[in-house]
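*Asks:* my questions are about this predicted structure, shown below with the sequence.
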Amino acid sequence: MMDSDELTGLVAAGLAAISFGTYGVPMKGEAATRVDVDPLVFQSYKAFTVFATSAILICLNNVLAEDMIMAPLSDEMNTVGSYWTFHKWSFSDFTPWAFVSALLWVPGGTAGVYAIRRAGLAISVGIWSCVIVILSFVWGVVIFGEKQKSALGAVGAVAFLCIGLLGIAYFSSAEVDVKKKGQAKMQQGDSVAAETTPLVEKESGDEASLDFEAFPHSGTCPHSHQTVDLHLPAFPVTKELSLHISKYHLGLFMAVINGVFAATIMVPLQYAPPNTTQGIGYSMSFGIAAVLVVLLFWVLRFLFLTLVNCIFHSRWAEISNEPRRLTVALQIFMQILTHSLIQGYNQLPSFHIREMWRPGLTSGVLYSMGNLFGIVSIQNLGDFMGYSLGQSSMIISGLWGLFYYREIPGAMNMIGFLLSSCVVFVGILLMATEHNG
């Protein structure tokens, strides 16, 4: 018989799945596509919103805590769950473990934004959900020793869930019939590059590529065949290096990175003092840490750009081998440093506040809700069960990609996606029955 804590955890996991499955939708929206928003910029909007929503809930919690002191709640009101404990939060309840979570969340979330923008919503969430399920199993069962009715049954449930997740990822990324595509290109003549459209961008050589991200509702696969050209400057011990990586495959890799980091975000809850993880206290600590870590990443990005500019501009200063006085050398150094600082600041991406505040805050609110519900689920079901069940969010995101962004072409691929979703549901049910509350 399922007790009230398990029921609360399952409901919270469902709400977390809806929130997490929807928060990525604005990342591929019209506004984000029009300005080609930088992933760290979007992650900054999310971090600010997480902090703001947590602060609002903390204020509400403290008000209720004061009212509870004046007029204690009835026993029925106190059975709503361990999340709303109405413990008055103060800065003494802040836990440094929140910085560990934030240091994982900021780069992971930034990678997730890039994955959705370049590879697609359905396949990105499907990939990192599969990674999260596997790593959550490792963290919860193998490391923290969370009990299951049957070890073999738990492994089987995870395997069943992963099969469904892989099916969703496969059908989300499947192309339409290659023969039909080839016939269509033969009829068009010189392929897409011959069309007169602003979406065609000339690249190296005579090739051209069409980035369909600028047309999210075109019914075309989200695959981008453009490449990212990375030019690493020459350092004293290394030569200059140039890398050419497909945006689509780089997006898939970023989805895996996000899954690895996201599966570990809630692990610090196991080590933080109990008084700092009760109620919404950890969310407040996480919100504060997230904003500070985002600022740290902006500083590091600015310093990196400044360093690259210093290396670049120091070359022309070294062309002349004539001996210089110390004062002249210092003057040249200060000129290079000042110019590099200004240029590094100018190279930072814009926040596009007028276009991005709505989608950025919307995504942040949805993520914050998913984060809060995820904590409730983990506290009631454990790390393995709570976080893994929340990964049914990939079904929600897949439906967004299927019907809203039309990322999945062809009737057979759509049917395969829906059948894989059913397999995921079966895996979730098996996982729930194996939990030994």
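*Replies:* Noted; the coordinates are in hand. Bear in mind the structure is a predicted one, so any value in this text is a computation, not a measurement.
*Asks:* can I have the helix or strand containing Ala12 written out in PDB, keeping just the CAs?
*Replies:* Taking DSSP states H and E as the definition, Ala12 sits inside helix 4-22. Below are the C-alpha coordinates for helix 4-22, written out as PDB (Å, rounded to 0.1, in the frame of the first residue of the first chain):
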ATOM      1  CA  SER A   4       1.200   9.600   1.900                       C
ATOM      2  CA  ASP A   5       4.900  10.400   1.500                       C
ATOM      3  CA  GLU A   6       5.300   8.200  -1.500                       C
ATOM      4  CA  LEU A   7       2.100   9.600  -3.100                       C
ATOM      5  CA  THR A   8       3.400  13.200  -2.400                       C
ATOM      6  CA  GLY A   9       6.700  12.200  -4.000                       C
ATOM      7  CA  LEU A  10       5.100  10.700  -7.100                       C
ATOM      8  CA  VAL A  11       2.800  13.800  -7.600                       C
ATOM      9  CA  ALA A  12       5.800  16.100  -7.200                       C
ATOM     10  CA  ALA A  13       7.800  14.000  -9.700                       C
ATOM     11  CA  GLY A  14       5.000  14.400 -12.200                       C
ATOM     12  CA  LEU A  15       4.800  18.200 -11.700                       C
ATOM     13  CA  ALA A  16       8.600  18.400 -12.000                       C
ATOM     14  CA  ALA A  17       8.400  16.400 -15.300                       C
ATOM     15  CA  ILE A  18       5.900  18.900 -16.700                       C
ATOM     16  CA  SER A  19       7.900  21.900 -15.700                       C
ATOM     17  CA  PHE A  20      11.300  20.400 -16.800                       C
ATOM     18  CA  GLY A  21       9.700  19.200 -20.100                       C
ATOM     19  CA  THR A  22       8.500  22.700 -20.900                       C
END
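*Asks:* does anything pack onto that helix? Which helices or strands?
*Replies:* Counting contacts by 3 or more C-beta pairs under 8 Å, 6 or more residues apart in numbering; DSSP states H and E, helix 4-22 is packed against helix 353-381, helix 383-389, helix 393-399. (Glycine included, C-beta is placed from N, CA and C.)
*Asks:* want to try JSON lines for those helices, with mean neighbour count as columns?
*Replies:* Compiled in JSON lines, the helices and strands packed on helix 4-22 are given as follows (neighbours: other C-beta atoms under 10 Å):
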{"stretch": "helix 353-381", "mean neighbour count": "21"}
{"stretch": "helix 383-389", "mean neighbour count": "27"}
{"stretch": "helix 393-399", "mean neighbour count": "26"}
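*Asks:* tell me which of those lies nearest to Val113.
*Replies:* Minimum separation from Val113 across the helices and strands packed on helix 4-22 (C-beta to C-beta) falls at helix 353-381, 9.0 Å.
*Asks:* mind telling me which of the helices and strands packed on helix 4-22 the model trusts least?
*Replies:* In terms of mean pLDDT, the lowest-scoring of the helices and strands packed on helix 4-22 is helix 383-389 (a mean of 67).
*Asks:* checking Val308 next. Helix, strand or coil?
*Replies:* helix (DSSP: H, G, I helix; E, B strand; the rest coil).
*Asks:* hang on, the earlier thing: can you list the buried residues in the helix holding Ala12?
*Replies:* Neighbour-count burial for helix 4-22, counted by 16 or more other C-beta atoms under 10 Å, picks out 6, 8-10, 12-22.
*Asks:* which elements pack onto the next helix or strand after that helix?
*Replies:* Heading C-terminal from helix 4-22, the first helix or strand you meet, by DSSP H and E, is helix 30-35. When contacts are defined as 3+ C-beta pairs under 8 Å, 6+ apart, helix 30-35 packs onto helix 353-381.
*Asks:* angle of the helix it packs on against helix 4-22?
*Replies:* Computed by axes from the mean of the first three to the mean of the last three C-alpha atoms, to 10 degrees, the angle separating helix 353-381 from helix 4-22 equals 160 degrees.
*Asks:* going forward, count from 121.
*Replies:* In the new count, where the first residue is 121, that last one comes out as helix 473-501.
*Asks:* which strands or helices does helix 473-501 pack on?
*Replies:* Using 3+ C-beta pairs under 8 Å, 6+ apart as the test, helix 473-501 ends up in contact with helix 124-142, helix 150-155, helix 159-190, helix 401-437, helix 503-509.
*Asks:* need the helices and strands packed on helix 124-142 in JSON lines with distance to Ile431, can you?
*Replies:* Converted to JSON lines, the helices and strands packed on helix 124-142 look like this (distance: least, C-beta to C-beta, whole Å):
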{"stretch": "helix 473-501", "distance to Ile431": "32"}
{"stretch": "helix 503-509", "distance to Ile431": "43"}
{"stretch": "helix 513-519", "distance to Ile431": "41"}
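*Asks:* which of those helices sits closest to Leu461?
*Replies:* helix 473-501 (23.6 Å).
*Asks:* tell me how many other residues crowd Val419.
*Replies:* With neighbours defined by other C-beta atoms under 10 Å, the count for Val419 comes to 10.
*Asks:* do Phe523 as well
*Replies:* 11.
*Asks:* on the three-state scheme, it is what?
*Replies:* Assignment for Phe523 (three-state DSSP): helix.
*Asks:* likewise for the one 10 residues further on?
*Replies:* State at Asn533, reduced to three classes by three-state DSSP: helix.
*Asks:* where's it relative to Leu492, distance?
*Replies:* Remark: distance between Asn533 and Leu492 (C-beta to C-beta, to the nearest Å) = 35 Å.
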